[in-house]
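Asker: Sequence first, then the predicted structure:
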Protein chains: 2
Amino acid sequence: MKFGIVIFPSKHLQDRANNLRKRYDTHYAMIPPHVTLKAAFEAPEEDIKGIVENLHNVAFQVQPFTLKTTKVGSFAPVNNVIYLKIEKTPELETLNDLLHSGYFEQEREYAFVPHITIGQQLSDDELADVLGRLKMIDFQYEQTIDRFHLLYQLEDGPWTVYETFHLGKE
Amino acid sequence: MKFGIVIFPSKHLQDRANNLRKRYDTHYAMIPPHVTLKAAFEAPEEDIKGIVENLHNVAFQVQPFTLKTTKVGSFAPVNNVIYLKIEKTPELETLNDLLHSGYFEQEREYAFVPHITIGQQLSDDELADVLGRLKMIDFQYEQTIDRFHLLYQLEDGPWTVYETFHLGKE
């Protein structure tokens, strides 16, 4: 079974992201706008109890924090992805670290760049065009984050939430 | 803001439902397969704390139970919906009652028929055709349900999970 761990930002930010995602993100229908804390990982279905226990422990170790979006960025040319940049905070880094060590040991392909994807699988021309336009727009916004979610993936791609974890609580 | 309260069944059942939903359900991309406990209701965003508190109280009053699917049914001719029938259990009825009284007072348009929608907005001919074929198929399945979820709706229709509630726990 494929699991993932994400933050869903506020409705305001999700609506803003989806406005772009519905045009530019091929995963629009698979999952609401999110900040990935741990990318999809394989685990047997019966491991879910252990995963949940360990996630409660992770949540307990990190306090609620302020998430700030700043501007649009891109992973091109490595990956033709456009995203909303999230300011790195100690809490986000700790969460990402805890979710890639100990019980959750996993090698990371890239450095952790917290973001909300708003476009992917764009052609080079489309990417340049969309990025050029979005760079002009103000995406300054902040909100409190006090939770994250464990998800699993269904056949054909959509994700379902299994459980919510509250930061600073067990 | 529009809220809703649902049960997500197991991955097995969701995969089975989605296999049909991707062809017949216009809401396929909006939300994973689910059993609606309380249909979409309007509440101001600042009510969310009160909603969550009251849902913890509801969850505490109902124990985990066995969900059984039996066969395919339809709300036609009132509504051209095809669904997977869920056996009524005392727990499902109590949940539905608690979610339509007291703090959650809401008039119900129809009697509570627990189900997982697999097709909607079908033409009369398509409905008759699909229903005829699906009636031949065995949908006997059972699983334990130990949680439900509070969701809110984004612009343009998709739903995001806000929180998980565990039956029999506060």
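Answerer: In hand now; what should we look at?
Asker: Near the closest residue to chain B within chain A, how many other residues are there?
Answerer: Chain A approaches chain B most closely through residue A:29 (3.3 Å), counting by Cβ to the nearest Cβ. For every residue, glycine as well, the C-beta is placed using N, CA and C. A count of nearby residues for residue A:29, using other Cβ atoms under 10 Å in any protein chain shown, gives 15.
Asker: do the one 3 residues further on as well
Answerer: Residue A:32 is surrounded by 24 other residues when neighbours are defined as other Cβ under 10 Å.
Asker: before we move on, the earlier item: now the residue of chain A closest to chain B: closest residue in space that isn't a chain neighbour?
Answerer: Nearest non-adjacent residue to residue A:29, counting by Cβ to Cβ, 6 or more residues apart in numbering or on different chains: residue B:29, 3.3 Å away.
Asker: hang on, the one you found is in a helix, isn't it?
Answerer: No - Residue B:29: not assigned to a helix; according to DSSP: H, G, I helix; E, B strand; the rest coil it is coil.
Asker: who's in contact with it?
Answerer: By Cβ atoms under 8 Å, 6 or more residues apart in numbering or on different chains, residue B:29 lies in contact with A:28, A:29, A:158, B:158.
Asker: Quickly name whichever of these is closest to residue B:1.
Answerer: residue B:158 (13.7 Å; Cβ to Cβ).
Asker: what's the distance between that closest one and chain A?
Answerer: Residue B:158 sits 6 Å away from chain A, going by Cβ to the nearest Cβ, to the nearest Å.
Asker: which residues does the closest residue to that residue other than its chain neighbours contact?
Answerer: Leaving aside its chain neighbours, residue B:158 sits nearest to residue B:30 (5.0 Å; criterion: Cβ to Cβ, 6+ apart). Listed by Cβ under 8 Å, 6+ apart, the contact partners of residue B:30 are B:157, B:158, B:159.
Asker: any chance you could read off phi and psi for the last one?
Answerer: What it means is residue B:159. Main-chain dihedrals, residue B:159, degrees, to the nearest 10: phi -110, psi 140.
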